[in-house]
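> here is a sequence with its predicted model. Questions after.
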Amino acid sequence: MLRIIHMSQVTPKIAFLTNTCTHYRVGTYERLAQRYDVDFYFYSAGREWYWQQAHGAHAGHFRSIQLAGVDVGGNRFVPDLPLRLLKGRYDAFLGSINGRFVLPITYMIARLLRKPFVLWTGVWMRLDTRLHRAVFPLVRFIYTHADAVVVYGEHVQRYLVSEGVAADRIFIAGNAVDNSLYDQTVAPEKLRALRETLKIAEGERVVLYLGRIEDGKGLEYLLDAFAASSPADAVLVIAGAGSLLEELRARAQRLGIDDRVRFPGYVPVAQAVEYYALASVYVLPSVTTRVFKEPWGLVVNEAFCQGVPVIATDAVGAAMGGLLRDGEQGLVVPERNAPALASALTQLLADEPLRRRMSAAARAAVAVWNQDRMADGFAQAFAFAAVRR
């Protein structure tokens with residue numbers, strides 16, 4: 001539930017700092033630009049390990065500044081950032097959790113100028129490397145001293161409360177995509193052409209994964225589950241690029257299912273909707289690692305736009321953060337549990353009425369989980385921070 005907090009009639013000027021502008025974020029940033037006098041500062045070009053670089057960086061109808069910087073040991077240093085922020089005459093600052101240099105600098109300048117500072121984060125675990133352990137006291141300080149915190153969903157809210165953040169300072173900006181890009185009807189001839197490309201016969205159902213093929217996505221468990229469930233009239237499509245592609249191909253061959261698994265490679269953003277339209281079930285089998293726990297999984301939103309039920313693990317933010325409800329729009333299974341994943345696959349593929357009910361529920365859920373609602377979450381946080389400061 002959104003909290004109603006009134007703001008001044010004067011349009012606040014906000015510095016909004018994050019790593020890059022993905023295609024997912026354009027619509028939300030445009031909505032924020034309609035409400036505020038906002039400068040969006042981007043300090044990378046989308047080269048992070050957790051992002052498909054082929055997606056690239058994007059722009060929209062908002063004012064943006066691409067900051068020049070230097071990469072040192074995985075950290076992005078932006079020398080001219082402090083001066084820019086000091087000279088900007090901003091009424092409030094927002095920093096994203098992903099800026100090891102940018103975040104503390106932005107926080108310190110906000111405090112120096114005695115202006116509100118808002119943190120934006122989708123992280124819902126303590127990352128476990130030597131560097132992360134060393135800097136966590138600073139991260140926790142910012143968690144607990146930010147004037148407001150914007151989070152992806154309920155799962156991040158619960159985590160931050162466990163770290164000592166006051167619940168009334170946490171605002172949910174439900175992680176959303178531009179639904180209009182993914183809920184469009186796909187022409188039958190395009191689906192036939194895609195079937196031909198993937199060598200999938202008419203009548204064969206599609207179990208889909210679309211995303212990065214990297215550690216943390218749990219794709220080895222998906223292959224094991226598909227082999228164990230042995231759906232005779234289904235094909236598994238693992239679409240995407242990544243360092244584990246050849247390893248997964250070899251695993252499929254060892255399991256004896258290579259004839260029923262397709263690896264089409266990277267799928268451009270504009271073509272993704274065709275894959276969802278072809279699918280009977282989407283699976284996101286992510287697992288927790290020392291440095292990764294699926295912050296959300298916007299592929300769940302995308303699949304829902306096409307009415308595709310989703311099977312996800314309990315290490316997926318969308319499944320624990322409020323969008324995907326177990327038994328309603330899909331099924332949630334324990335992470336790293338191939339038998340549970342196989343059972344969920346068997347259940348959904350065997351029960352067409354259940355899939356239809358979940359399909360309708362998925363479309364209904366994502367229809368209200370949109371970028372207007374996401375922008376509202378930011379607006380509530382900005383208003384609260386202004387009053388508090």
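Sure, I can see it. Note that this is a predicted model, so its numbers are computed, not measured.

> surely A225 and T346 touch.
No - contact between A225 and T346 fails when scored by CB atoms under 8 Å: they sit 9.2 Å apart. From N, CA and C alone the C-beta is placed, and that goes for glycine too.

> what about the two, which has more around it?
Neighbours were counted for A225 and for T346 using other CB atoms under 10 Å; A225 has more, 26 against 15.

> for L113, give me its contacts.
Taking CB atoms under 8 Å, 6 or more residues apart in numbering as the contact definition, L113 lies against L86, Y90.

> now do L194
Counting by CB under 8 Å, 6+ apart, L194 has contacts E274, Y275, L278.

> if you set the cut-off to 6 Å instead, what comes out?
E274, L278 (CB atoms under 6 Å, 6 or more residues apart in numbering).

> ok, now D233?
E204.

> pLDDT weak spots in this protein?
Across the chain, the ranges flagged by pLDDT under 70 are 1-9, 45-53, 55-56, 73-74.

> now with 90?
Scanning the chain for pLDDT under 90 picks out 1-11, 44-59, 68-79, 98-101, 131, 230-232, 388-389.

> helix/strand/coil for Y209?
In the three-state summary, Y209 is assigned as strand, counting by DSSP: H, G, I helix; E, B strand; the rest coil.

> go on, E214?
coil.

> nearest spatial neighbour of it, skipping sequence neighbours?
Leaving aside its sequence neighbours, E214 sits nearest to G242 (CB to CB, 6 or more residues apart in numbering; 4.4 Å).

> again with P231
L349 (5.2 Å).

> is it fair to say that neighbour lies in a strand?
No - counting by three-state DSSP, L349 is not found in a strand; it is helix.

> quick one: it and V281, what's the gap?
7 Å (CB to CB, to the nearest Å).

> and those two? which has more neighbours close in?
Between L349 and V281, V281 has the larger neighbour count (other CB under 10 Å), namely 24 against 18.

> what distance do you get for that one to T129?
Taken as CB to CB, the span from V281 to T129 is 35 Å.

> return the list of helices and strands in contact with the helix or strand harbouring R84.
For R84, the host element (DSSP states H and E) is helix 81-87. Applying 3 or more CB pairs under 6 Å, 6 or more residues apart in numbering; DSSP states H and E, one finds that helix 81-87 contacts helix 102-112.

> and if we set it to 10 Å?
Here helix 81-87 touches strand 13-18, strand 37-42, helix 102-112, going by 3 or more CB pairs under 10 Å, 6 or more residues apart in numbering; DSSP states H and E.

> winner for burial among those?
strand 13-18 (a mean of 23; mean count of other CB atoms under 10 Å).

> who does it pair up with?
When pairing is defined by DSSP bridges, strand 13-18 lines up against strand 37-42 (parallel), strand 92-96 (parallel).

> how distant is that strand from the center of its chain?
Averaging C-alpha coordinates over strand 13-18 and over its chain gives two centres that are 20 Å apart (CA atoms, centre = their mean, to the nearest Å).

> what angle do that strand and helix 102-112 make?
160 degrees (axes from the mean of the first three to the mean of the last three CA atoms, to 10 degrees).

> using CSV, write out the CA atom coordinates for strand 13-18.
Extracted in CSV, the C-alpha atoms of strand 13-18 (Å, rounded to 0.1, in the frame of the first residue of the first chain):
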residue,chain,number,x,y,z
LYS,A,13,15.5,19.1,-8.6
ILE,A,14,17.0,15.6,-8.2
ALA,A,15,20.3,14.0,-9.0
PHE,A,16,19.6,10.3,-9.8
LEU,A,17,22.7,8.2,-10.1
THR,A,18,22.9,4.7,-11.4
